[in-house]
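Visitor: Got a predicted structure here, sequence first:
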Amino acid sequence: MLPISEIWRISGTVDESWRSPVADSVAAAWGFPADSARWLRSSATHVFVIPAPDGHQPPAYLRFARDGSTAAVKLANSVPLLAGWAGQGLGAVAPIPSTNGQLSEAVETPDGRVVAMLVPAAAGAEFTVEDLSAGQAAEWGAALAGLHASGKAVPEQAPPKLDVPPVQKQAAGMNLGGLGDGPLDRAIRSVEDEIAKLDPDQYSHGICHGDFELDNIRFGPGGVAFFDADEAHHGWFAADVALAVRDLTGTTLGSRERPELLAAFLAGYRSRRAFTPAEEASLPLHSLAASARMIRQLEGVLDAGDGERPDWVRELDASLREHQRWHRDRLLRNRI
């Protein structure tokens, strides 16, 4: 997620009609006139929707982040992955080329230089876990297995600062440097140590999506479609499954276990590729690693300070702190 201060700053450029001169500058790289883009949300990146001029076609979504930020690097690296998965018919939306024929662009804006991409709306409907059927859960699992089976490589142009450690030491994408000796540090280290012992000859690994949750996919007549690959990395496939099904395993704040839907998801996954009993048994371990990563990531997000802040900034800060506490308590309960 973007730092709160970054979301706050961009929100200050948005007018009462949800337009922003920053988004106008970015949209121009794709040939759109000023005032075409409307702010939708800011989370992993800033997202502005561009309605179809005739109102009858699906909209497009402009995504961007400040140049040089981790979010911008992830966005740029996701573009060739999305394009490759789309080309293989795996359900990814294909990034739309700019007027220069590029799938991503570095654009100068009134708020500084940003890295941007444009994607079409994914075909299909969004479902919450409360509305999900067993058949849809199976389709969801099969779609993730299709990505794992595709063998699509990490883009070679990924900059060194985001190089992923060897898979057997990755700990599901956590950066665990600088740990101390407090209870939380020991809990995180125990998860890291256990994951480091996984045998790469017995546990499958490769290119993971990193965030194949329900809010990032759509169910349509052509199958599951998805539009975000910012968290893609080389890692354990079981970790990618654990990340995807957090709302089915009760491992996110406010969720509960849904064993029937989890079983359907895994059955769908196994319809496309193998998923061993050992890998299934490792799901709780990988979900703890995800909690550790969430704790660490939020440390760099909660930067709004204690001064005067708009109500929505205070509410966002409080919500994220609640999530951080929840994951911290969960990790301590399971490892102390």
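Guide: That came through, no problem.
Visitor: buried sites along stretch 181-197?
Guide: Leu184, Ala187, Ile188, Arg189, Ser190, Val191, Glu192, Ile195 (16 or more other C-beta atoms under 10 Å). No exception for glycine: its C-beta is placed from N, CA and C like everyone else's.
Visitor: quick one: contacts for the first one?
Guide: Leu184 makes contact with Ile295, Arg328, Leu331, Leu332, according to C-beta atoms under 8 Å, 6 or more residues apart in numbering.
Visitor: buried sites along the helix or strand that contains Leu320?
Guide: Here Leu320 sits within helix 311-335, counting by DSSP states H and E. Residues of helix 311-335 classed as buried: Val313, Leu316, Asp317, Leu320, His323, Gln324, Trp326, His327, Arg328, Arg330, Leu331, Arg335 (neighbour count, 16+ other C-beta under 10 Å).
Visitor: As JSON lines, the residues you listed with distance to Thr109 would be great.
Guide: JSON lines is the format used below for the buried residues of helix 311-335 (distance: C-beta to C-beta, whole Å):
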{"residue": "Val313", "distance to Thr109": "22"}
{"residue": "Leu316", "distance to Thr109": "23"}
{"residue": "Asp317", "distance to Thr109": "26"}
{"residue": "Leu320", "distance to Thr109": "26"}
{"residue": "His323", "distance to Thr109": "30"}
{"residue": "Gln324", "distance to Thr109": "31"}
{"residue": "Trp326", "distance to Thr109": "36"}
{"residue": "His327", "distance to Thr109": "34"}
{"residue": "Arg328", "distance to Thr109": "37"}
{"residue": "Arg330", "distance to Thr109": "40"}
{"residue": "Leu331", "distance to Thr109": "39"}
{"residue": "Arg335", "distance to Thr109": "44"}
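Visitor: what about the strands in the stretch 101-250 of the chain?
Guide: 105-109, 112-120, 205-208, 217-220, 223-226, 233-236 (DSSP state E, counting those that start in this stretch).
Visitor: among the ones you listed, which is nearest Thr70?
Guide: strand 112-120 (11.2 Å; C-beta to C-beta).
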